[in-house]
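Q: Give me a model of this one.
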Amino acid sequence: MNYIGIDIGSTTAKTAVLSEDGTLLFRKVIPTGWSSKEASQNLKELLEANGFSPEACPCVATGYGRVSVPYAKRQVTEITCHARGAMWLHEFSEGTIIDIGGQDTKIIQVAGGTVQNFLMNDKCSAGTGRFLEVMARALETDTAGLCELSAKGGGVTISSMCTVFAETEIISLVGRGEKRENIAYAVLDSIADKVAAQAKKMRIGEGFLCLTGGLCECEELKASLADKLGQEVISHPDGRFAGAIGAALSGMKRRR
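A: Next comes the predicted model:
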């Protein structure tokens, strides 16, 4: 028996397939686009093309668009799925998970293998993947390119945490002739500031701290967060699939 997890986020849609013994058999990420329902159908077709039928296997949906997955047998909250997925990836049962998504950032504390507390940011997109996308477009690059640029920059800060005002500030910096790499550095630094302030509200203290979500692959952001929080921040190559993996694990747990 295989177990399928579907995570429909505001920016990307992910799927992960686990075998009965817990082996990760398949994973895929695609843009969510304008329609969560269309994204879920595209994932269904990808799964079937690779020999995994969501209708024949236990399938659980999570994420922003989880209600748009008609073939899922069950829906589970993002907090639960991201926590389960992160613990499975990193093989720990106590610690803190920082998940930076497209529209929100979640700080999740787990102990004894279960969620003990969590905090989500407000409706402002500052400190999220959406903020980074908007800033990257202003610099005529993508998120990966902005991360690469930031590694070569420094010495500039963005004072506004509002996405709209921050974009205006960036345009002003560009007009003054500031180097792109310095502006990119300021963008990532502002995200790290916002996320670190949110994490400190949880009083996370010392201990296992991991970063998941689409930005977990950005080494510059991870290093900046570690510096601001005063402790090591780790990530996993499959960290962006934590929600989908957690959804698949939820299906496995329920069946057993």
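
Q: Could I get the full set of strands for the stretch 151-256 of the chain?
A: 209-213 (DSSP state E, counting those that start in this stretch).

Q: what's the straight distance from one end of stretch 172-183 to the other?
A: Across stretch 172-183, the terminal residues are separated by 11 Å (C-alpha to C-alpha, to the nearest Å).

Q: what's the neighbour count on residue 181?
A: 18 (other C-beta atoms under 10 Å). Every residue, glycine included, has its C-beta placed from N, CA and C.

Q: ignore the last one, residue 24
A: 15.

Q: Spatially, which residue comes closest to it, not counting chain neighbours?
A: Leaving out its chain neighbours, the residue that sits closest to residue 24 by C-beta to C-beta, 6 or more residues apart in numbering is residue 18, at 6.1 Å.

Q: Let me see the contact set for the one you found.
A: Counting by C-beta atoms under 8 Å, 6 or more residues apart in numbering, residue 18 makes contact with 2, 3, 5, 24, 25, 245, 248, 249, 252.

Q: if you set the cut-off to 10 Å instead, what comes out?
A: For residue 18, the contact set (C-beta atoms under 10 Å, 6 or more residues apart in numbering) comprises 1-5, 24-27, 57-58, 88, 244-245, 247-249, 251-252.

Q: any weak-confidence spans in the stretch 101-250 of the chain?
A: The stretch 101-250 of the chain contains residues with pLDDT under 70 at 122-127, 160-164, 205-206.

Q: hey, where'd the helices end up in it?
A: 129-138, 143-150, 163-175, 180-201, 219-229, 242-255 (DSSP state H, counting those that start in this stretch).

Q: Could you say which of these is packed most deeply?
A: Most buried of the helices of the stretch 101-250 of the chain, by mean neighbour count (mean count of other C-beta atoms under 10 Å): helix 242-255, with a mean of 26.

Q: Can you name the residues that contact the residue nearest the centre of the chain?
A: Geometric centre of the chain, nearest residue: residue 213, 1.7 Å, by C-alpha atoms, centre = their mean. Counting by C-beta under 10 Å, 6+ apart, residue 213 makes contact with 9, 11-12, 82, 86, 97-102, 104-106, 128-129, 235, 239-243.

Q: which residues does it form a beta bridge with?
A: residue 100 (DSSP bridges).

Q: about what we covered before: can you pull the pLDDT of the residue nearest to residue 24?
A: At residue 18, the predicted lDDT confidence score is 98.

Q: could you measure it against residue 88, distance?
A: 9 Å (C-beta to C-beta, to the nearest Å).

Q: Helix, strand, or coil at residue 34?
A: coil (DSSP: H, G, I helix; E, B strand; the rest coil).

Q: burial measure for it, as a count.
A: With other C-beta under 10 Å as criterion, residue 34 counts 7.

Q: Quickly note the distance from it to residue 217.
A: 25 Å.

Q: same question, residue 113
A: Residue 113 is 26 Å from residue 217, by C-beta to C-beta.
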